[in-house]
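Peer 1: Give me coordinates for this.
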Amino acid sequence: MCRKCVKLFLLLALVAMPAFAVAPDIRNAPAANAPATQAQIAQLQQAVANAQSSGDNAWMLISAALVLLMTGPGLTLFYGGLVRRKNILGTMMQSFAMMGLVTVLWAFVGYSLAFGHGNAFIGGFDHLFLRGVSLTPNPDYAATIPEQTFMIYQLMFAIITPALITGAFAERVKFSSMAVFLCLWSLLVYCPMAHMIWGVGGLLNFNTPGVRWPVFDFAGGTVVHITSGVSALVCALYLGKRAGYPETNMAPHSMVLSFVGACLLWVGWFGFNAGSALSAGPLATSAFINTQFAAAAAALTWSLAEWLHNGKPSALGAISGAVAGLATITQASGFVQPMSALLIGAIAGLVCGFMVMRFKKLLGYDDSLDAFGVHGIGGTIGALLTGVFAAGAINAVFGKDASGMPRATGAIDGNWHQIANQAFGAGIGWLLAIAGTLVLLFLVDRTMGLHLSPADEAAGLDLSQHGEEGYELNA
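Peer 2: Next up, the predicted model:
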């Protein structure tokens with residue numbers, strides 16, 4: 001190497017040495033920046049929690065609106081089209097009245113009786129007038145949404161349940177007596193059943209530590225459909241038949257209205273079932289899919305059975321089948337696989353169709369709009385089939401074993417005892433509905449009278465109870 005090259009190399013080395021000497025020790029960097037990094041992680045975690053809460057809350061408010069859609073306009077149109085023309089407004093008013101009356105009762109005392117801390121059978125008065133029901137989550141029920149959101153969502157269930165009963169006594173009960181009876185029924189039948197299934201410490205709530213009879217009811221198969229459907233049968237038997245039934249033709253006056261109402265019920269049912277996941281997660285997706293599959297299968301099997309029996313598939317049979325499938329899958333929607341939901345819906349269409357087309361005629365009772373055949377029977381077979389098809393892979397309600405696998409949930413997983421649990425819960429629903437409805441009907445009948453007078457029944461609910469007509473044909 002030449003002398004000039006050696007000198008240049010040494011000069012460059014001398015220039016670079018200070019830079020290396022003052023270079024930072026990167027091993028000390030994390031310690032120096034640790035406080036800032038921890039704060040950033042905390043902020044990030046809070047942002048994620050806020051995002052989840054916002055998403056869940058948005059879905060639950062939409063679901064609450066969808067469930068209210070089921071009552072008005074869904075049920076009002078569905079029931080309104082099925083009655084005779086002179087009774088359409090009176091029938092619609094019965095459902096609409098529940099939207100107002102039950103809301104006020106729920107705010108005063110209903111929510112507290114259903115979801116307050118009481119005993120195994122009914123809640124207490126800790127939430128009287130919504131005391132303590134705030135905009136922060138209640139971890140006993142839903143950890144990511146405000147308790148007020150949970151409260152308003154549950155209100156929509158409390159509204160539609162008594163409204164379903166009105167289908168059994170359509171065209172023959174006084175409006176004032178109906179209002180008093182259903183208000184009392186909401187407090188003394190619905191609220192205790194809701195508490196036993198869903199409330200803290202409830203007798204049948206599988207989240208209650210040490211509960212002997214854990215019952216799976218994802219969205220109200222027992223709480224809503226068994227109680228309303230069985231109560232509907234009691235009402236039909238207690239009140240007797242409409243004047244002229246069954247000799248007089250009492251065909252629906254507008255299948256178009258009923259068809260639109262049934263479609264609205266189907267759409268609203270996604271809030272009913274998928275919303276019961278109480279979050280916008282995978283469980284909501286499962287319940288959403290199961291709802292669609294069961295409704296479709298039931299509509300098809302009811303229509304097919306009617307086609308074979310009568311030679312033609314009717315629009316009334318198709319929409320009744322869809323509603324039967326929706327009622328039947330309600331209890332199972334958050335526990336079963338999609339193929340199980342299809343099978344449950346298919347069974348619902350056949351069994352409920354038989355109850356409406358054959359069984360009612362055999363016994364001769366006048367369940368005007370088939371509330372018992374669709375909701376009472378649908379809710380009951382749904383409860384039992386939930387015990388058969390509940391799968392831990394969908395909803396590991398009993399946790400996981402040491403190997404990380406979901407414990408057996410329903411009979412399909414190996415837990416055959418769950419069928420007995422479901423039957424016990426359904427039996428409690430039947431007993432409470434029968435006893436409570438009979439007592440309340442007797443009290444209201446003795447104090448106010450339930451039946452329309454013969455003249456009022458002949459004139460129709462619209463004129464006799466509300467002084468107006470649904471159709472002013474001469475206007």
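Peer 1: Tally up the residues packed near residue 326, please.
Peer 2: Residue 326 sits with 32 neighbouring residues when counted by other Cβ atoms under 10 Å. Heads up, the C-betas are built off the backbone N, CA and C, glycines and all.
Peer 1: Mind giving me the packing neighbours of whichever strand or helix holds it?
Peer 2: Residue 326 is located in helix 315-329, with elements delineated by DSSP states H and E. With contacts defined as 3 or more Cβ pairs under 8 Å, 6 or more residues apart in numbering; DSSP states H and E, the packing partners of helix 315-329 are helix 76-82, helix 255-273, helix 282-310, helix 338-354, helix 377-389.
Peer 1: Determine which of the ones you listed approaches residue 200 most closely.
Peer 2: Distances from residue 200 to each of those were compared by Cβ to Cβ, and the smallest falls on helix 282-310, at 20.6 Å.
Peer 1: And the closest one, what does it pack against?
Peer 2: helix 255-273, helix 315-329, helix 338-354.
Peer 1: What residues sit buried inside it?
Peer 2: Residues of helix 282-310 classed as buried by neighbour count (16 or more other Cβ atoms under 10 Å): 283-284, 286-306.
Peer 1: Over to stretch 252-260?
Peer 2: 252-255, 257-260.
Peer 1: Among those, which pair sits farthest apart?
Peer 2: Within these (distances taken as Cβ to Cβ), the two that end up farthest apart are 253 and 260, at 14.1 Å.
Peer 1: The longest helix anywhere in the chain versus helix 255-273: what angle between them?
Peer 2: Taking DSSP state H as the assignment, the helix of the chain that covers the most residues is helix 29-69. Our comparison of helix 29-69 with helix 255-273, counting by axes from the mean of the first three to the mean of the last three Cα atoms, to 10 degrees, yields an angle of 150 degrees.
Peer 1: and helix 29-69 with helix 282-310, angle?
Peer 2: Using the same axes, to 10 degrees, the direction of helix 29-69 lies 30 degrees away from that of helix 282-310.
Peer 1: Summarise which helices and strands helix 29-69 is packed against.
Peer 2: Looks like helix 29-69 contacts helix 147-165, helix 255-273 (3+ Cβ pairs under 8 Å, 6+ apart).
Peer 1: Of those helices, which is nearest residue 85?
Peer 2: helix 255-273 (10.7 Å).
Peer 1: Mind giving me the packing neighbours of that closest one?
Peer 2: Helix 255-273 packs on helix 29-69, helix 76-82, helix 282-310, helix 315-329, going by 3+ Cβ pairs under 8 Å, 6+ apart.
Peer 1: same thing but 10 Å
Peer 2: In this structure, helix 255-273 makes packing contacts with helix 29-69, helix 76-82, helix 147-165, helix 282-310, helix 315-329, judged by 3 or more Cβ pairs under 10 Å, 6 or more residues apart in numbering; DSSP states H and E.
Peer 1: need the buried residues of stretch 252-260 in a markdown table with distance to residue 414, can you?
Peer 2: As requested, these are exported to a markdown table (distance: Cβ to Cβ, whole Å):
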| residue | distance to residue 414 |
| --- | --- |
| 252 | 46 |
| 253 | 52 |
| 254 | 50 |
| 255 | 46 |
| 257 | 47 |
| 258 | 43 |
| 259 | 43 |
| 260 | 45 |
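Peer 1: Residue 43: which of those is nearest?
Peer 2: Each of the buried residues of stretch 252-260 was checked against residue 43 using Cβ to Cβ; the closest is residue 260, at 49.6 Å.
Peer 1: Distance check, the closest one against residue 381.
Peer 2: The span separating residue 260 from residue 381 equals 27 Å under the rule Cβ to Cβ, to the nearest Å.
Peer 1: How many residues are close by residue 474?
Peer 2: Neighbours around residue 474, by other Cβ under 10 Å: 5.
Peer 1: Let me know whether residue 392 touches residue 404 as I believe.
Peer 2: No. Applying Cβ atoms under 10 Å, one finds residue 392 not in contact with residue 404, separated by 11.6 Å.
Peer 1: between the two, which one's more packed in?
Peer 2: For residue 392 versus residue 404, neighbours defined as other Cβ under 10 Å are more numerous around residue 392 (22 against 6).
Peer 1: and the closest residue to that one other than its chain neighbours, bridged to which residues?
Peer 2: Nearest non-adjacent residue to residue 392, counting by Cβ to Cβ, 6 or more residues apart in numbering: residue 406, 2.9 Å away. Under DSSP bridges, the beta-bridge partners of residue 406 are residue 400.
Peer 1: Check what pLDDT residue 406 gets.
Peer 2: Listed pLDDT for residue 406 reads 93.
Peer 1: ditto for residue 15
Peer 2: In the prediction, the pLDDT value recorded for residue 15 is 42.
Peer 1: Kindly report the same for residue 22.
Peer 2: Model confidence at residue 22, expressed as pLDDT, equals 44.
Peer 1: Run through the residues that contact residue 362.
Peer 2: Residues in contact with residue 362, defined by Cβ atoms under 10 Å, 6 or more residues apart in numbering, are residue 355.
Peer 1: Which helix or strand contains it?
Peer 2: Taking DSSP H and E as the definition, residue 362 sits inside helix 360-363.
Peer 1: what are the phi and psi values for residue 205?
Peer 2: Listed backbone geometry of residue 205 is phi -80, psi 120, with angles given as degrees, to the nearest 10.
Peer 1: For my notes, confirm residue 248 occurs in a helix.
Peer 2: No. With DSSP: H, G, I helix; E, B strand; the rest coil as the criterion, residue 248 is assigned coil and is not in a helix.
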